[in-house]
Every structure is written in structure tokens, then in C-alpha cells.
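# Give the three-dimensional model of this entry:
(2 chains)
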Amino acid sequence: MGRLSSHLVRSALAACAVASALRAQGGAAQRGSQADATFMRDMIAHHAQAIEMSALIPARTTREDMRLLGERIDVSQKDEIAMMQRWLREHDADTAVAHHHMESMIMPGMLTAAQLAQLDKARGAAFERLFLEGMIRHHEGALTMVAQLLAQRGAAQESQVFQFASDIDADQRAEIARMRRLLDGKRAARHH
Amino acid sequence: MTARTSIGTLAAALLFGATNLHAQDPRVGLAGGFQNAASAIRNLELVSHSDKPASFYNPANLGDFAFLNSDLAFQGTTVFQGSFNGFQIWDVSNTAKPQLKLLFPCPGGQGDPSIYGHLLFISVEETRGRVDCGKQGVQDTVSLDRFRGVRIFDVSDLMQPKQIAAVQTCRGSHTHTLAVDPNDKKNIYVYVSGTSSVRSPNELAGCSGKQPAEDPNTSLFRIDIIKVPLDSPQAAKVVASPRIFSDSAGNIAGLWKGGAHGEGTQATGVTNQCHDVTIYMAKHVAAGACSGNGIVLDVSDVVKPKRISEVSDPNFAYWHSATFSNDAKKVLYTDEWGGGTQPRCRVTDRPEWGADAIFTREGHRMTFASYFKLPVPQTPEENCVAHNGSLIPIPGRDVMAQGWYQGGVSVVDFTDAAHPKEIAFFDRGPIDPAKMLIAGSWGAYWYNGNIYSSEIGRGLDILKLAPSEFISQNEIDAAISVRWSEFNPQAQPEIVWPATFSLARAYLDQLVRNDGLGAARRDAVTSALAAAEQTSGGARRAALQSLAGTIDRDAGGAKDAPRVRLLAKAVRDLSTK
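Model prediction:
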């Protein structure tokens, strides 16, 4: 895996180290719940893998639309990781629970180590197909994580968590559509 | 020198030029701060800035989403400013000194407002929203206390808004747009765009978040239309949920078909929502910015909108909002890449990502013309992407004021759809120079002579146009002459200019700028207009009628004949005033 992505995984883990059970704040709904903090932590790990996957693109395909897709995922998800880390710091989450389970846990849609290794070895059209299928599944996993968050009592009462969860849902759905077009062999193009 | 070298040199020169341009742009390097950030302004004047009122921000976290300011609505000398925490009412009789009349806490986000007579409409989408406007949120996943939808307030007494209806919808209301059908005097309609999760049917009967294959009555893939009877607005209810993404075969997910793609992938449908629908009722059309597509609807039958055009674009991440040109022959769509919460105007961000895209319309066919993005980089501490705006009524041109979050306010001229150009701006440094907090211009809208910008973190800004090489005083005066008694930016009104000398002179100034009419004739018309203005009554009428006739004849040989005809019409209208 690339140097950059290892760094990101490390930052993700560092964020976990400041995260976990939220300090109770008089029961105010808007201050963020345990479920919110868990969602943010898990999504950091989830995003980190998308960035790691995208870093494989330049050396494995020459397709310009694939490179642009990778660039967009890279920029989008790095910014969002920074935002989630900030949220965890600002919401004063403490460290206890999550650290050990994060390193071993696989969030919905994430590739296994074996799948990542397979992707790493693939080239050209085979890589493109594996990447797109993997990333569609990965994004759909994010949609599942959003749905799981919203299904919990007391979750997403904090406005930023609600908005972020909604944005992930909207953005990643739209990106899934674009990836489907690429998978169907269509070049990214304007359609009237 | 070989051709290759000369192209290389040219590219280097352009790159140098661009860098140089940025270096000279006063928006680069602005010092940050809350109410004391440095600012840069060009071809605009800041008439006033009103601080965000205490209790409508969190001093411990200036970027707290629970207190972000959102959209604006206008009526007379009153401005309604939405907030994720409720709404604020400003008296702007004196634009240099707006007076806060009322703070109305009622949390739920985004709080986008619209006004119609004594009825104020507010969008609510978050799961913390409560029917009773309480601040405690709603912990249970299913609760009758929860409110997501459109609140309707009676604001006959501005100091005492009364919630008279709260129309619940399955996905809540991210935004909404008033649809006022001139043929229906008894009702108005509200188009509701919901973009977030679908709630449980146990909370609101009939709601379903399933894909169309599993449930043909899914709450996805539709917008909702609320009918508001004007004699009993408390009876407002959803009367239609049109399937505006259908294809001719009746597949309701018609724009981006679902279907599994590869092992383990699901059959998620995509364009299943609109973020914003701008209704231009005078032309019977609406432009929907709907996730993966830009669409145009025929809204001749308000409760049965029909999709007549759709476009997609490889550089658009998320279709967010739309503005028609006044003749409805162009649509400017925005791409809110990153949801507005990310810094997407950095020097490293692509100029075609998170930008405006301008399309021209010919019948139902739409053709891409260009992208426009804020032409100056912002810091990584500033959320920035294309956001809301409205037309500035400069006659004969397509000019729009637009908010770019912490990228500030930018005025873009897209008269030439292929070559949009920034002609004015206002920008502040980051609200916090050390970290990225959400702030900046939610939307910048022209209303009765000023540009109003809702500052998400800092309050309300009122600006005015200053004459420049790009806009003359006559053009500004003609814009100021257009007055509305009410204005909701997403319910786009047709601009009609009253007959004034400024209007005629605005066209003359444009003919000077583009040399669209020979200099001698321009001078003659200028003198004749001045002379006519000195007279009155029948003499003025006769002078103007005769002048209009002469200008008609000028059009034949003029380089910009259509504009010369606009000038002739302006002079003729002035003669019958």
C-alpha cells in the first residue's frame, strides 16, 4: 500500500485514540451521542480504505476517467476524514472502547485483505473492473452505515452528524451512478 | 521557433498570467476572524453588516451546525432569514442599519424560508425537529413529536408568528419552492425536495425507503407537492408526489437505472431526489437540480409537472440548484461538490469541479456551454463551492449574484454562455484562520436595489453595485427601477423593466461597450434623449416617438441590431408613459 494511505490509516487510528464514549452533557440531544461518535470513527476507517484503493489507480490503468474518479474520491474523502477528526476532537470523545476493535473490524462494503491484494496485483481492464465493483460495494457499505446510524435511538440529533450522514448518502449514491456508467464500458461523458 | 515551442511558451505565459492575476487579487491572503476578518471588495459597496444575534450562534463553536444561517425571503422592507435553529426577521427600511425585529427559535435545519402574504413557510429535515419547536430533539426512532416537512406560520403580526400548519413528509424538506399559479386564485402550492433518509411508516403512514423493484410506492424517486388553500391554510396537505424521474416505459427510476453491478453490489437507484427546484412560473418551467441530473419540468399543470429535458455532466458531483436567464433560454446549474461543508476552491481543486455549469435551451434540447468557478483560490480553512444566487436585473444582459460560502459573494455575467465572467466580488478571510468552520455566503440575492447575502456564521450583509468598466450607472439605475413586493429566490419572477430614461441609456451604454451601433448615431441618440428629458407632456412624447422611429431605422445597419431594437422599444415605451 502507498505511503500516503498508510499515513491516513495511522491518522484514522489516532482519531480513534481521541474518540469514544462522549462526555455526558446534561442529556442535551444536540451534543452528539455514542452512536454518533462510533459512526464518525467507523467512517474514518471506511474512508481510509477508499483512499488506499484510489491510490492504486495511477500505476494500474491509463484510463483518464478512472484517474479522475480516483482523484475525486481521494480529495473528497481526505477532506471528510479531516472533518470527522475535528468533530471527534470538538465533541470531546474519550479513548477507551474502540481502539482494539478498530484495527480488526471491517465495516460494511470494505474489501478484505485478500481482495485488496488481488486489486493490487491486477492491471488494465481487469483492474478497472475489480476497482469499480469493489468501490461500488464500498460506497454501498457507506449507505448501509448511514442507515444503521439513523436506526439507532438518539442518533444524529447533533446537526452536523445528521447533515454529514445525509451528504454521504447523497454524494456516494451519485458517485455509484457514475461508476456504474464506467463499469458498463461507457466513457464519462455529457448526456442530453 | 517551432510550433511546439511557441505553444509551450504560450502555455507558460498563460500560467504565469493566471498566477500573476491571483497574486494581484485582493481576496488572496485575507486575515481571518469572526466579526473582524479582513475583507476585499471590487465593484460593490458594503452597505451594512449586521452581526448574528446572540443566542443564534454558539460562542464556543462558531461552526456549530445547529446554528448555521440559511436562506432568505423578502417582502416589502422585511427580510426573513432562515437558520438551522429557526428564523430571524429583519426590518431593512434603512439598508444601512437593519433592525432585528424577531428571533424565533424552532430548531430542525435547514430552515429555508418562503413568504407569501401573511404565510411564512419553513423547511425542516433533521430528525431532531419537533412539532412543538422544542430544543430537546427527539430520541426515539419513531415518535409523534418529530417534525420533518414544511411548517407554515401566520406572520400577520411579525412579532408573534403562529404555527398554523406543519405538513409532514417522508424525507422531510431540505428545500421547498412556492408555485403560484396565476390561474388558481384560491390555492398556492409548495414543491418539496427531500434529500435525506425516509422515515418509518410507523411514524408517518405510507413512507417507504425501499427500492422501486421492492415497493412501487416508494417515497424515493419523487418530489412532494403541498396544496395550501388560501382561505384555510391550516388545511394544507400533500396532494401529489409526481414521479418526475420516470422513463417512457413507466420505470420510476428512469434516469439512472439500478441493477446489480458485480458480485455483492446492490441495486441502488440513483437520481431519486431533487435538491432544489427553481420554478419560473411566467414561462411555465421549472429547473430541478436532482442529484445526478439537471432536469427541466413543464409546470403548466402545477400538480402534474412533466419532465421535458434532462442532462448529466461528467464533472458534476451533485446537482444542487438552478437559475434561469430571464428569457429562460439558459439555465445555470450549480454543483455542490462536498455538500458545502468542504474547502473546494483551493489552488489544487479543479476549476470544473464544484462549479456552475451553463446550459443553453432550444426547445427541449439543452446544450452545455461552459463552466464557471470562483476565479480565485481560497484557503483550506474556507468551505467553498458553487451555491445559491439570483439574477441582477441589468437589462439586455444575464448577470447573477452568487454566494460561494467562504469564497464570498461573486457577480457573474453569463450573457455569453460560453464565456462567463466575474464582474464584481466581496470576500472575507476565514471565520477561523486555524481550522475549517462552516461560514460564508449561503446565498446572494438581488432584491429592490441591493444584494443581500446570508452569512452562515456572521449575520446579514447588504451590498450595492458600484459603477465600473463592466457596469454603468445607467445599468445600475435600470436594475434598481425593478421593484417587487415579495421575492422568494427559488420562485423566479420574470423581470420586467419599467420605462425609464435609465433603461434607454443602459442599452446605449451597452452599445458603446460593444460598439454595436456607430459612434455618430450613439451620440445623436444620447443628445436627443437628453433634450427630450428637458421637455414634458406632448412635446416629450412627440420627441421620443420620433427618436424611436429613427432608432428603428438604425437597427438595420447596426452590428448589434437586437440591442438597437431593445433601445428603440425602451424609447417608444417611454413616449407612452
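# Distance of the nearest residue to residue B:202 once chain neighbours are set aside relative to residue B:205?
Spatial nearest neighbour of residue B:202, chain neighbours left out: residue B:142 (4.7 Å); criterion: CB to CB, 6 or more residues apart in numbering or on different chains. In short, each C-beta sits where N, CA and C put it, glycine included. Residue B:142 sits 12 Å away from residue B:205, going by CB to CB, to the nearest Å.
# Please apply the same query to residue B:528.
70 Å.
# ditto for residue B:103
Taking CB to CB as the measure, residue B:103 and residue B:205 are separated by 35 Å.
# The two - which one has more neighbours?
residue B:103 (15 against 8; other CB atoms under 10 Å in any protein chain shown).
# can I assume the more buried one sits in a helix?
No. Assignment of residue B:103 by DSSP: H, G, I helix; E, B strand; the rest coil gives strand, placing it outside any helix.
# Who are the contact partners of it?
B:53, B:55-56, B:86, B:88 (CB atoms under 8 Å, 6 or more residues apart in numbering or on different chains).
# Could you report the pLDDT at it?
pLDDT, residue B:103: 97.
# Likewise for residue B:5?
pLDDT recorded at residue B:5 is 36.
# May I have the secondary structure class of residue B:357?
Counting by three-state DSSP, the backbone at residue B:357 sits in strand.
# In the stretch 151-300 of chain B, where is pLDDT below threshold?
B:256-270 (pLDDT under 70).
# In chain B, which residue sits closest to chain A?
residue B:137 (2.7 Å; CB to the nearest CB).
# would that residue count as being in a helix?
No. Residue B:137: not assigned to a helix; according to three-state DSSP it is coil.
# That one contacts residue B:130, doesn't it?
Yes. In this structure residue B:137 lies within contact range of residue B:130 using CB atoms under 8 Å: 7.4 Å.
# between these two, who's got more neighbours?
Legend: neighbour count by other CB under 10 Å for residue B:137 and residue B:130, higher for residue B:137 (26 against 20).
# tell me which element the residue positioned nearest the centre of chain B falls in.
Nearest to the geometric centre of chain B sits residue B:389, at 3.1 Å (CA atoms, centre = their mean). Per DSSP states H and E: residue B:389 is located in strand B:388-392.
# Give me the contact list for that strand.
Here strand B:388-392 has contacts from B:71, B:321, B:323, B:325-326, B:334, B:398-403, B:411, B:442-446, B:451, B:465, B:479, B:489, B:492, B:495, using CB under 8 Å, 6+ apart.
# Which ones among these lie within helices?
residue B:479 (DSSP state H).
# Return the members of the contacts of strand B:388-392 classed as buried.
B:71, B:321, B:323, B:325-326, B:334, B:398-403, B:411, B:442-446, B:451, B:465, B:479, B:489, B:492, B:495 (16 or more other CB atoms under 10 Å in any protein chain shown).
# from those, which are also near chain A?
Here nothing survives when the buried ones among the contacts of strand B:388-392 are matched to chain A using CB under 8 Å from any CB of the partner chain.
# so residue B:123 is in which element?
Counting by DSSP H and E, residue B:123 is part of strand B:119-124.
# and the helix or strand following that strand, how far from the chain's centre?
Later in the chain than strand B:119-124, the nearest helix or strand by DSSP H and E is strand B:149-154. Strand B:149-154 has its average C-alpha position 21 Å from the chain's average C-alpha position, going by CA atoms, centre = their mean, to the nearest Å.
# which secondary structure elements does the helix or strand that strand B:149-154 is followed by contact?
Moving toward the C-terminus from strand B:149-154, the next helix or strand (DSSP H and E) is strand B:162-168. Secondary-structure packing of strand B:162-168 (3 or more CB pairs under 8 Å, 6 or more residues apart in numbering or on different chains; DSSP states H and E): strand B:149-154.
# for the stretch 401-550 of chain B, which spans come out with low pLDDT?
For the stretch 401-550 of chain B, applying pLDDT under 70 flags no range at all.
# repeat for chain A
The model of chain A has pLDDT under 70 over residues A:1-30, A:93-105, A:186-192.
# how many neighbours does residue B:550 have?
14.
# Show residues contacting the helix or strand that it is a member of.
Counting by DSSP H and E, the element that carries residue B:550 is helix B:537-557. The set of residues external to helix B:537-557 that reach it, using CB under 8 Å, 6+ apart, is B:517-518, B:521, B:525, B:528-529, B:531-533, B:535, B:561, B:564-565, B:567-569, B:571-572, B:574-576.
# got it, and stretch B:148-159?
With CB under 8 Å, 6+ apart as the test, stretch B:148-159 has contacts from B:78, B:89, B:101-102, B:106, B:108, B:115, B:118-127, B:129, B:161-169, B:171-173, B:176, B:190, B:192, B:194, B:199, B:226, B:228, B:233-234, B:236.
# Repeat the analysis, applying 6 Å as the threshold.
Residues from elsewhere that reach stretch B:148-159 (CB atoms under 6 Å, 6 or more residues apart in numbering or on different chains): B:89, B:101-102, B:118-122, B:124-125, B:129, B:161-169, B:172-173, B:176, B:190, B:233, B:236.
# one step back: can you list the buried residues in the helix holding residue B:550?
Under the neighbour-count criterion of 16+ other CB under 10 Å, helix B:537-557 has B:540-541, B:543-544, B:547-548, B:551-552, B:554-555 buried.
# Check stretch B:219-237 too.
B:219-228, B:233, B:236.
# swap in stretch B:348-367?
B:349-350, B:352-361, B:366.
# restrict those to contacts with chain A.
residue B:366 (CB under 6 Å from any CB of the partner chain).
# Would you format the buried residues of stretch B:348-367 as JSON lines with pLDDT included?
Conversion of the buried residues of stretch B:348-367 to JSON lines gives the following (pLDDT from 0 to 100):
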{"residue": "B:349", "pLDDT": "94"}
{"residue": "B:350", "pLDDT": "93"}
{"residue": "B:352", "pLDDT": "93"}
{"residue": "B:353", "pLDDT": "93"}
{"residue": "B:354", "pLDDT": "94"}
{"residue": "B:355", "pLDDT": "96"}
{"residue": "B:356", "pLDDT": "97"}
{"residue": "B:357", "pLDDT": "97"}
{"residue": "B:358", "pLDDT": "98"}
{"residue": "B:359", "pLDDT": "97"}
{"residue": "B:360", "pLDDT": "98"}
{"residue": "B:361", "pLDDT": "97"}
{"residue": "B:366", "pLDDT": "96"}
